[in-house]
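1. structure of the sequence below:
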Amino acid sequence: MAFPNTQAEINALLQIWLVKIQNWATLYGLSNETVKQAQDDAIVYKHILDVTLQFESDRSELSSYRVNMFTGTPTSAAAAYPEVTLTPLPALVIGAKPGIQIRNKELYNFLKAHPSRTNESLSDLGILVASPPKVALADLRPSLKVSAKINDCMEIAFGKQGQNAMRVQMRRGAVDWLSVGDPTSTPFIDNTASTDGKPEKREYRGVFLQKNETVGQFSDIASVVTTP
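-> From the prediction side, this is the model:
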């Protein structure tokens, strides 16, 4: 995971560091000045974003006042004169310094590559995103979306969930399940003709394949009527 790009994401990371970075200073050999600067940076960064929103709101209020005063109805009452305010910068230890994003990107890369790094520390500092738990093969279950097209074509869309192929089966009436394809990409088109060229109700299901062997569970059954 790389250093975030948007101001909102950077702010979220810095707010984690404001609370957490001091807990890992010893592990990463961070000086007290580095820790305090990271904490001050987090405070300043959030403050500037908050004040910017405040200023934009005040500017909108001033703009509305200007329009009303310049072109409003002469007989209407005048609105209250808008107040433009800037909240003072909070108290800091090291002080506000330029280059917050540059400085903290360097710190981010330092922590990420440090020989003493651990998954626990990186996760706690918002640097390492935990991988989603792997789904056991026995629990794999595809999801199908079947759409009837003209000329008996049935379009079957499915999510691959990291698998290479899926076996698609179809049945109609009391007939047993019939495999109609082992697609490796989605959507899959089943061109099986309808009996006697008339609309018929069909059922479809799918199961994932690994080395031509089925794995996991069958999908829910999708029912659809053909369009000859």
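
2. who are the packing partners of the longest helix that the chain contains?
-> Longest helix in the chain, counting residues (DSSP state H): helix 32-71. Counting by 3 or more Cβ pairs under 8 Å, 6 or more residues apart in numbering; DSSP states H and E, the packing neighbours recorded for helix 32-71 are helix 7-20, helix 25-28, helix 100-113. Every residue, glycine included, has its C-beta placed from N, CA and C.

3. now the ones you listed as CSV including mean neighbour count?
-> What follows is those, written out as CSV (neighbours: other Cβ atoms under 10 Å):
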stretch, mean neighbour count
helix 7-20, 16
helix 25-28, 14
helix 100-113, 15
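
4. could you save those helices as a markdown table and add columns showing mean pLDDT and distance to Glu120?
-> Shown next, in a markdown table, are these (pLDDT from 0 to 100; distance: least, Cβ to Cβ, whole Å):
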| stretch | mean pLDDT | distance to Glu120 |
| --- | --- | --- |
| helix 7-20 | 96 | 11 |
| helix 25-28 | 97 | 10 |
| helix 100-113 | 96 | 13 |
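
5. of all those, which lies closest to Glu56?
-> helix 7-20 (13.9 Å; Cβ to Cβ).

6. what's the angle between that closest one and helix 100-113?
-> Helix 7-20 runs at 60 degrees relative to helix 100-113, counting by axes from the mean of the first three to the mean of the last three Cα atoms, to 10 degrees.

7. what does helix 7-20 rub up against?
-> With Cβ atoms under 8 Å, 6 or more residues apart in numbering as the test, helix 7-20 has contacts from 3-4, 38-39, 41-43, 45-46, 49, 100-101, 104, 108, 124-126.

8. also stretch 181-190?
-> Contacts for stretch 181-190 (Cβ under 8 Å, 6+ apart): 149, 153-160, 164-168, 170, 180, 204, 209, 212.

9. just the buried members of the residues you listed?
-> Using 16 or more other Cβ atoms under 10 Å as the burial test, the contacts of stretch 181-190 include Met154, Ile156, Phe158, Ala165, Met166, Arg167, Val168, Met170, Val180, Tyr204, Leu209 as buried.

10. figure out which of the helices and strands packed on helix 32-71 is closest to Ser219.
-> The nearest among the helices and strands packed on helix 32-71, by Cβ to Cβ, is helix 7-20 at 36.4 Å.
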